[in-house]
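1. pasting a predicted model and its sequence here:
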Amino acid sequence: MRGSEQTTIEDFKAHSLPGLALLLTLLFFAYRGVTYAWLGSWLPLALVALVIFLLFFSLQKSAKGFGRALRFWAVLLIIWSSIRLLLSTVNQFLKPVPEAHIAEQLGFLGALTSLLFLFSGIILYRSSSRFLKKSQTS
């Protein structure tokens with residue numbers, strides 16, 4: 001392992017919350033991607049694979065690159081969860097959707113999932129700043 005890669009991994013070990021948030025979000029979306037691929041839609045799996053590739057490739061290059069890739073993933077998470085929360089609010093208070101699958105995704109558990117991913121995105125966004133600052137000082 002190269003020096004920058006090793007220090008980035010050690011930094012994640014020292015701050016376990018961002019590392020746990022990154023692992024859980026990637027695992028969740030990888031699971032969803034495999035599920036949708038099994039149903040015939042390969043796009044979600046391809047997008048998750050692209051994000052994982054970007055994170056691992058940037059980890060090998062530099063802390064600054066990893067910070068940028070992490071910030072990109074965090075912004076995607078924040079946007080995704082914000083849209084889900086907005087749709088959940090609209091579904092709850094305006095006109096509910098009668099389809100069971102959509103109602104389940106936008107119901108109480110779906111809103112809790114969206115909040116969890118929103119907080120994970122915020123945690124990852126904040127930790128990406130640490131990697132970007134570290135690369136400027138070294």
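-> Perfect, I can see it now. Numbering: from 1, shown residues only.
2. please count neighbours and contacts with C-alpha atoms only from this point.
-> Fine.
3. so in the chain, where's the weakest helix or strand by average pLDDT?
-> Least confident element among the helices and strands of the chain, by mean pLDDT, DSSP states H and E: helix 3-14 (a mean of 59).
4. and the contacts of the helix or strand just after that one?
-> Heading C-terminal from helix 3-14, the first helix or strand you meet, by DSSP states H and E, is helix 16-39. Helix 16-39 is touched from outside by 12-13, 42-46, 48-49, 52, 117, 120, 123-124, 127, with contacts defined as Cα atoms under 8 Å, 6 or more residues apart in numbering.
5. mind doing that once more with 6 Å?
-> Phe12, Pro44, Leu45, Ser120, Leu124 (Cα atoms under 6 Å, 6 or more residues apart in numbering).
6. do the same with stretch 96-110
-> The contact list for stretch 96-110 (Cα under 6 Å, 6+ apart) reads Ser88.
7. one more time with 8 Å, if that's ok
-> Contact with stretch 96-110 is made by Arg84, Leu85, Leu87, Ser88, Val90, Asn91, Gln92, Ala111, as judged by Cα under 8 Å, 6+ apart.
8. tell me where the protein has helices.
-> Ranges of helices within the chain are 3-14, 16-39, 43-61, 63-93, 100-105, 108-137, based on DSSP state H.
9. just the buried positions in the shortest one, please.
-> Using 16 or more other Cα atoms under 10 Å as the test for burial, helix 100-105 gives Ala103, Gln105.
10. now the contacts of stretch 96-110 in JSON lines, with pLDDT?
-> Listed next are the contacts of stretch 96-110 as JSON lines, based on pLDDT from 0 to 100:
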{"residue": "Arg84", "pLDDT": "92"}
{"residue": "Leu85", "pLDDT": "93"}
{"residue": "Leu87", "pLDDT": "88"}
{"residue": "Ser88", "pLDDT": "88"}
{"residue": "Val90", "pLDDT": "85"}
{"residue": "Asn91", "pLDDT": "80"}
{"residue": "Gln92", "pLDDT": "80"}
{"residue": "Ala111", "pLDDT": "89"}
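11. now the buried members of those.
-> The neighbour-count criterion (16+ other Cα under 10 Å) marks Arg84, Leu85, Ser88, Asn91, Ala111 among the contacts of stretch 96-110 as buried.
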